[in-house]
Every structure is written in C-alpha cells, then in structure tokens.
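# model this:
(one chain, ligands or ions: 2)
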Amino acid sequence: MTNMRSATGRWVTGDDFFDRESELKILKSRVEDGNHVLLAGQRRMGKTSIARELGRLLEKDDWVFLYADVEDAETPEDMIAEIAEAGHSIQGMMSRLAKQMKHHITDNIDEISAYDFKLKVRAGLDSGSWKRRGEELFSSCANYKQPVYLVIDELPIFLTRLLRHEDGHAQVENFLSWFRRQLQTHSNNDLVILVSGSIGLEPLVRRLGLSDRINHLEPFRVGPWSESASKQCLNILAENYNVKFEDGVPDKVYELLGIGIPHHVQSFFTRLREDAIMHEREFISITDVERLYTNGMLGPSGQNDLSHYEKRLHEGLDDESHKVAMEILTEAAVKEYFDDRASACLMQLFHPLIENVQERITEVLEVLQHDGYLCRENEHYRFESRLLKDWWYARYQGHYQPLCERLDENRSNKEEV
Ligand SMILES: Nc1ncnc2c1ncn2[C@@H]1O[C@H](COP(=O)(O)OP(=O)(O)OP(=O)(O)O)[C@@H](O)[C@H]1O
Ligand SMILES: [Mg+2]
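Ligands and ions are numbered 1, 2, ... in the order given. Predicted structure coming up:
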C-alpha cells in the first residue's frame, strides 16, 4: 500500500489498492462460505477493484479467480462466451466444454488464444443451445479441482441491452430464471459467483417485477472512503510522488469533493501533481487546490471523469425516464435540491408528453439514489457529491429554468392566448 501509485483509469489491485480492509474481510468470508454476492454501490466507488482484489487474495488461498466483463454482451450467448474466455487460461478447465462443442472447436484449445476460444464458443451457441452449454460451463468450473471464484461484472448493463430487444422483458426474465437456477445448483463453495456493475441491478429487476430472480445473490454495498481514509490516501500519494502539501490541503480537497469517492480523490491528486510539474514546483497550496477544482475538475479536462455519469444514466433508463432524470438532476443542481413541489410541477409539465409520469418520477428517484447521484435528506433530494453537483450545474444551468417557474410561465402564456 505504501508503494501506491496514482491511478485514474479503470480498476486497481495489489500495491495500488488502498483501504477497504473490512470490506475485503467480510466478502472473503462470505465467498469462503459459498455465498454468491451482489456487489452494489455508486459509480466509481471501486467495486471492480474490490471484486478483483478479493480474487487476488483468494488466489493466494488456492482458489481460481475468473473475471468476465459482460458490458459488450448483447445476448446470453455472448455472455457465456465471455465467461468461457475467462476460463480459457485455467489448465484443463474448459476441455469438457470444448469436447462437447467439437464441431465448432476443432483446434487444441491450449494452442489458440483466449480470444479465439471465445469466438469459437460464441459461433457454436444459439438461442436453442446456450442454456445447456452455459450449464456445462458452470459445472466445469464447479467440478474443477480447486474452488472457483467467478466475477461477472456489468451484468446490469448486459440486461438493459437484452431488454432493448423485441420481447426484451421475456428474454430478461428467461435469462434471470436460468441464472437463478445456476446459482441454486452451485450453492456450496465449489463455484462462487460475484455479480457487480456500474448501474444498479436491484432497481432494474424491481422495475421489471423480477426481484425474486436475484434472491440467491447476497447484496453487499460499497460505500465511500471515510474522510480520514481519503486524506490518508492523498498523503501517501504525495509522499510517493515527492510533492509537498501546505497544511490543510487534504482537508480542502475533501471539503470540495464532499464525499470520498475513490476515483474523485485519485483524480484530484493527479491534477494537483500534474499542475505542480507544469509549474516546476514541488509544493501544493490551498489556493492551488481551489484553482484546480474550478479549472481542472470542473473544467473541460474534467469532462472525461464526469461524462461517465451521464453515459451510464442513459444506459440504465429508457428514453422517457432519462428525460425525467435529466430534469430532476438539473433542478437539484440549480436549486440545490429537488422536493415534492418540484416533483408536482414536473408531473404537470410532462404528463401530456410522457405516460405514467408519476410512476417514472418515483422509479427515477429510486435509481438516482441507488446509483449515488442523489441522497434524501428529510423531504429533499440533493446531490451526494459536491463535485458532481457543481459539474452538472456548470454543464446544464445555461438554459435551465426551474420547473415551477416554467409551469407558471406556461400557464400565463396560455391565459394570454
Ligand atoms: N481501493 C482503491 N484504492 C485506490 N484507488 C481506488 C480504489 N478503488 C477505486 N479507486 C479509484 O477509482 C477508480 C475506479 O475504480 P473501479 O473501476 O474499481 O470503480 P467501479 O466502482 O467499478 O466504477 P464503475 O462504477 O465505473 O464500474 C480507479 O481507477 C481508482 O482511481
Ligand atoms: Mg466497475
């Protein structure tokens, strides 16, 4: 940990992985007891990193760790092929599956790359065979001589893709019923599955009326770093990169972020450090922190970090709910909060255009809370992250008119006519 390097890309493990001791301890014992896990938590909280670091720790105890990212999967066939690719590197694990698919996999699997193996498996699957082959795949993992810990990351994104197909709801239901049977079948510690994703699985299945399909996954929610962990991370990074902080710099960073989302802490540090290099200084002051918050984190170069939040929002919601979500978030950014009054105005403004507005508002608020955009305080919803709020404000306040003002204006326009 003391060798930690700064990282702002995807996941981190090993020396670059900071904090999270208790999370790892709890998850490790759950996995060792044979419990499948749903690893939930807000965007950029470090879910993938935790899932992978846990894999690294389990490997030390003779577990096999497989990681499949199913973000690009469009169908169950694609998803199964991704898992087969993950298992390819494990000596002998996929040989039975390869034998059963011998019409499609004629090569010796040790002589082809994992990627080619995936393509061949995929070519051999269709809507009539994926269930059976998928079962065989999971059984191959479970029957392996060592226990297997399999991470399926971005499963909710895959499900939202599936949902967009014609008869999408039925396909998702069919898939989840099958998946639930797999989890039930493998309920000892021969094969333990951890599911995660950058959008919430729980609100998605709830919306579809399929909550019971995931009740074999034990939820675990990853929260932010504490204030002291966030500051400690900054101090360790400063030491490792030979930069000096003026007293109070870590406090200022935390104050501006408002919450210890690991990715935001890391990304702030990178900006501070790069700025110091640019100005050939080794010293970072509180004024630098304030300047870089405004010009860096919120400026054009901060777009990459934050546009992520926009992208995922679109993936998790259909077009109409997405419109509702944009209104709610912009209202909360401009007015500091979204409340019942704003909700009533939103409903009146949109009910001629969008079906079931009231239900959509309720559903969207649930998703926005689950995925960490908003939190509820008394009767108000407000942004959990100050950074995200300020960014949203900078991006959308330009043409924004608060909901109730808009409604009043619409009404007086009508009266004039
Ligand atoms: N334990 C950690 N130690 C150090 N940095 C971390 C840690 N966890 C997360 N980070 C920082 O956050 C970034 C994102 O981590 P990760 O991809 O694991 O998050 P995630 O919750 O899976 O994100 P997403 O919601 O996009 O799937 C990393 O690149 C790193 O900068
Ligand atoms: Mg992730």
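# Going by C-alpha atoms from here, please, whenever you check contacts or count neighbours.
Noted.
# how close does whichever residue of the stretch 251-400 of the chain sits closest to ligand 1 sit to Val64?
Using CA to the nearest ligand atom, the single residue of the stretch 251-400 of the chain nearest to ligand 1 is His263, 3.3 Å away. Using CA to CA, to the nearest Å, we find His263 at a distance of 28 Å from Val64.
# What of Leu349?
Computed as CA to CA, the Leu349 to Val64 distance reads 54 Å.
# The two - which one has more neighbours?
A side-by-side neighbour count of Leu349 and Val64, using other CA atoms under 10 Å, places Val64 first with 21 against 18.
# which residues touch the residue lying closest to that one once chain neighbours are set aside?
Among residues not flanking Val64 along the chain, Val148 sits closest, at 4.7 Å (CA to CA, 6 or more residues apart in numbering). Residues near Val148 by CA atoms under 8 Å, 6 or more residues apart in numbering: 63-66, 141-142, 189-192.
# got the contact list for the host helix or strand of Thr160?
In this assignment (DSSP states H and E), Thr160 forms part of helix 155-163. The list of residues contacting helix 155-163 from outside it, by CA under 8 Å, 6+ apart, reads 69-75, 168-169, 171-172, 195-201, 204, 315-316.
# Buried only: go through these for me.
Neighbour-count burial (16 or more other CA atoms under 10 Å) applied to the contacts of helix 155-163 gives 69-71, 73-75, 169, 171-172, 195-201, 204, 315-316.
# Close to ligand 1: what parts of the stretch 101-250 of the chain are there?
By CA under 6 Å from any ligand atom, the residues of the stretch 101-250 of the chain that approach ligand 1 are 197-198.
# Sketch out the low-pLDDT regions of the stretch 101-250 of the chain for me.
Scanning the stretch 101-250 of the chain for pLDDT under 70 picks out no residues.
# now the stretch 301-417 of the chain
Across the stretch 301-417 of the chain, the ranges flagged by pLDDT under 70 are 417.
# So what does the closest residue to Val205 other than its chain neighbours look like in phi/psi?
Distances taken as CA to CA, 6+ apart place Ser211 nearest to Val205, at 5.1 Å, with adjacent residues excluded. In terms of degrees, to the nearest 10, the main-chain angles of Ser211 are phi -60, psi -30.
# how close does Ser211 get to Ser177?
From Ser211 to Ser177 the distance is 11 Å (CA to CA).
# ranges for the helices of the stretch 1-150 of the chain?
21-32, 47-60, 76-87, 95-100, 114-123, 130-142 (DSSP state H, counting those that start in this stretch).
# Count residues in the vicinity of Ile50, would you?
23.
# Hmm, Leu24 and it touching each other?
Yes: using CA atoms under 8 Å, Ile50 makes contact with Leu24 at a distance of 7.1 Å.
# Work out for me the element the residue in the stretch 51-200 of the chain that ligand 1 sits nearest to sits within.
Sorted by distance to ligand 1 under CA to the nearest ligand atom, the residues of the stretch 51-200 of the chain start with Ser198, at 3.8 Å. Taking DSSP H and E as the definition, Ser198 sits outside all helices and strands.
# Enumerate every residue touching it.
Each residue near Ser198 by CA under 8 Å, 6+ apart is listed here: 41-44, 154, 156-157, 312, 371.
# and if we set it to 7 Å?
Ser198 makes contact with 43, 154 under the criterion CA atoms under 7 Å, 6 or more residues apart in numbering.
# so what's the backbone phi/psi at it?
Geometry field for Ser198 lists phi and psi as phi -90, psi -10, criterion degrees, to the nearest 10.
# separation between the residue nearest to the spatial centre of the chain and Ile157?
Closest to where the C-alpha atoms of the chain average out (CA atoms, centre = their mean) is Ser198, at 1.4 Å. Taking CA to CA as the measure, Ser198 and Ile157 are separated by 8 Å.
# What is the burial count for Asp15?
For Asp15, the number of neighbouring residues by other CA under 10 Å comes to 11.
# I'd say it and Met4 touch.
Yes: contact criterion CA atoms under 7 Å: Asp15 and Met4 qualify, at 5.3 Å.
# outside of stretch 86-97, which residues touch it?
Counting by CA under 7 Å, 6+ apart, the neighbours of stretch 86-97 from elsewhere in the structure are 66-68, 114, 136-137, 140-141, 144.
# who wins for neighbours among these?
Using other CA under 10 Å as the neighbour definition, these reach their maximum at Cys141, which records 26 neighbours.
# Show me which residues of stretch 297-313 are buried.
By neighbour count, with 16+ other CA under 10 Å as the criterion, the buried positions of stretch 297-313 are 297-298, 302, 305-306, 309, 313.
# Could you say which helix or strand holds the closest residue to Tyr337 other than its chain neighbours?
Spatial nearest neighbour of Tyr337, excluding adjacent residues (CA to CA, 6+ apart): Arg382 at 4.6 Å. Element membership of Arg382 [criterion: DSSP H and E] is strand 380-383.
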